[in-house]
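# Quick one, structure for this:
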Amino acid sequence: MLDGILLEKAGIPAVSIVTEPFRETGKEMAKDWGVPNYRFLEMPHPIANLTEDELNERADKILEKVVQLLREGQPAG
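As a prediction, this is how the structure comes out:
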């Protein structure tokens, strides 16, 4: 999450992705770093034990949303 925020602040488009249990942590981190409206994506938890194919399948499901956020850009912080 922080990497995405810092990249965006440096003018480099980025999309942060968290798993569902970390949604609130992501929102709080964005507030703490001065971008309360920072948009990020979620994917189902857990991911640590997924195979590469399973992780790729999950990534494929959110790919269009990643592209959309990159095209739209983040709100100014």
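# For the rest of this, base every contact and every neighbour count on C-alpha atoms.
Fine.
# distance of the residue positioned nearest the centre of the chain from Glu52?
In the chain, the C-alpha nearest the mean C-alpha coordinate belongs to Ser16, at 2.0 Å (Cα atoms, centre = their mean). Distance of Ser16 to Glu52, given as Cα to Cα, to the nearest Å: 19 Å.
# What is the longest helix seen in the chain packed up against?
Across the chain, the helix with the greatest residue count (assigned by DSSP state H) is helix 52-72. Judged by 3 or more Cα pairs under 8 Å, 6 or more residues apart in numbering; DSSP states H and E, the packing partners of helix 52-72 are strand 41-43.
# what residues are up against the residue nearest to the centre of the chain?
Counting by Cα atoms under 8 Å, 6 or more residues apart in numbering, Ser16 touches 1, 3-5, 39-41.
# Swap in 10 Å and give it another go.
Ser16 is in contact with 1-5, 26, 38-42, 66, 69, counting by Cα atoms under 10 Å, 6 or more residues apart in numbering.
# before we move on, what about Phe22?
1, 28, 42, 45.
# Roughly how far does Leu2 sit from Leu70?
17 Å.
# One more: Asp60?
Taking Cα to Cα, one finds Asp60 at 16 Å from Leu70.
# Next: Pro36.
18 Å.
# got it, and Lys61?
From Lys61 to Leu70 the distance is 16 Å (Cα to Cα).
# More neighbours: the two, which one.
Using other Cα atoms under 10 Å, the more surrounded residue of Lys61 and Leu70 is Leu70, with 14 against 11.
# pretty sure the more buried one is touching Leu41, no?
No - assessed by Cα atoms under 10 Å, Leu70 is found out of contact with Leu41, at 11.7 Å.
# Any chance you could list residues touching both of these two?
Contact criterion Cα under 10 Å, 6+ apart; residues shared by Leu70 and Leu41: Val15.
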